[in-house]
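> Here is the input, now give the coordinates:
(2 chains)
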Amino acid sequence: DARVTQTPRHKVTEMGQEVTMRCQPILGHNTVFWYRQTMMQGLELLAYFRNRAPLDDSGMPKDRFSAEMPDATLATLKIQPSEPRDSAVYFCASGALTGGGYTFGSGTRLTVV
Amino acid sequence: GESVGLHLPTLSVQEGDNSIINCAYSNSASDYFIWYKQESGKGPQFIIDIRSNMDKRQGQRVTVLLNKTVKHLSLQIAATQPGDSAVYFCAESGRAGTALIFGKGTTLSVSS
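Below you'll find the predicted structure:
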């Protein structure tokens, strides 16, 4: 089965450090999403791209978060500097305009100490 | 902003029973709805979707019902199995391919 690949699976870092999370969407999917999941807030949309162009990043703290798609096979989410409140599981998902749902990766569990 | 919510945070059933998980949404313009299942330590897994021009859609052991009049979505699982134990999320969007807004989730526990 085709899958969305996220790396790393787990990341522990110190406050103030830069964190980069990577996502390889399913080949042929032209829409890529970044979500963050916490117990308190549930699944929150951070940003999404279509055909590599950013469509909405209103859910992302602009001063420290950035999301890019250098090419069709790679999406990145960067936090600089990281803070303890950024601790969460970050999910990437990809999909197509034709429907059939969006396929989520296994997530990156980020812990900022 | 608009939000999608679930009626009950937890649901406990016996193996073999039918399960019904409910979801209320607030955006009357929503056009596309999805149910996801999330097991511990994993990402959400697509179960079934439905567009607003339908009121029912069936999959393998699952049925999604959409009532646009009262903005209500439900997921029915037939003959629930222990492997169905997970958190279930409903999500909605303006149309397929646009961002999903997720509800808080219902935890389904199946005892054998």
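
> Output the set of residues of chain B in proximity to chain A.
Residues of chain B lying close to chain A (Cβ under 8 Å from any Cβ of the partner chain) are B:32, B:34, B:36, B:42-46, B:49, B:51, B:89, B:91, B:96-97, B:99-105. Every residue, glycine included, has its C-beta placed from N, CA and C.

> And for residue 107, the neighbour number?
Went with chain A since none was named. Using other Cβ atoms under 10 Å in any protein chain shown, A:Gly107 has 24 neighbouring residues.

> please go with chain B instead
B:Thr107: 16 neighbours (other Cβ under 10 Å).

> Same question for B:Lys42.
The number of residues packed near B:Lys42 is 13, by other Cβ under 10 Å.

> one step back: can you flag the buried ones in the residues of chain B next to chain A?
Among these, those classed as buried by 16 or more other Cβ atoms under 10 Å in any protein chain shown are B:32, B:34, B:36, B:43-44, B:46, B:49, B:89, B:91, B:96-97, B:99-105.

> among the residues you listed, which are in strands?
Residues of these located in strands (DSSP state E): B:Tyr32, B:Ile34, B:Tyr36, B:Phe46, B:Asp49, B:Phe89, B:Ala91, B:Ile101, B:Phe102.

> can you put these in TSV and add pLDDT?
Putting these into TSV (pLDDT from 0 to 100) gives the following:
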residue	pLDDT
B:Tyr32	91
B:Ile34	94
B:Tyr36	97
B:Phe46	94
B:Asp49	93
B:Phe89	95
B:Ala91	93
B:Ile101	90
B:Phe102	92
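
> can you redo those residues as CSV with distance to A:Glu18?
What follows is those, written out as CSV (distance: Cβ to Cβ, whole Å):
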residue, distance to A:Glu18
B:Tyr32, 36
B:Ile34, 34
B:Tyr36, 31
B:Phe46, 32
B:Asp49, 37
B:Phe89, 31
B:Ala91, 31
B:Ile101, 30
B:Phe102, 28
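
> biggest separation within those residues, which pair?
B:Phe46 and B:Ile101 (15.9 Å; Cβ to Cβ).

> Which residue lies nearest the spatial centre of chain A?
With distances taken as Cα atoms, centre = their mean, A:Trp34 lies nearest the centre of chain A, 3.4 Å away.
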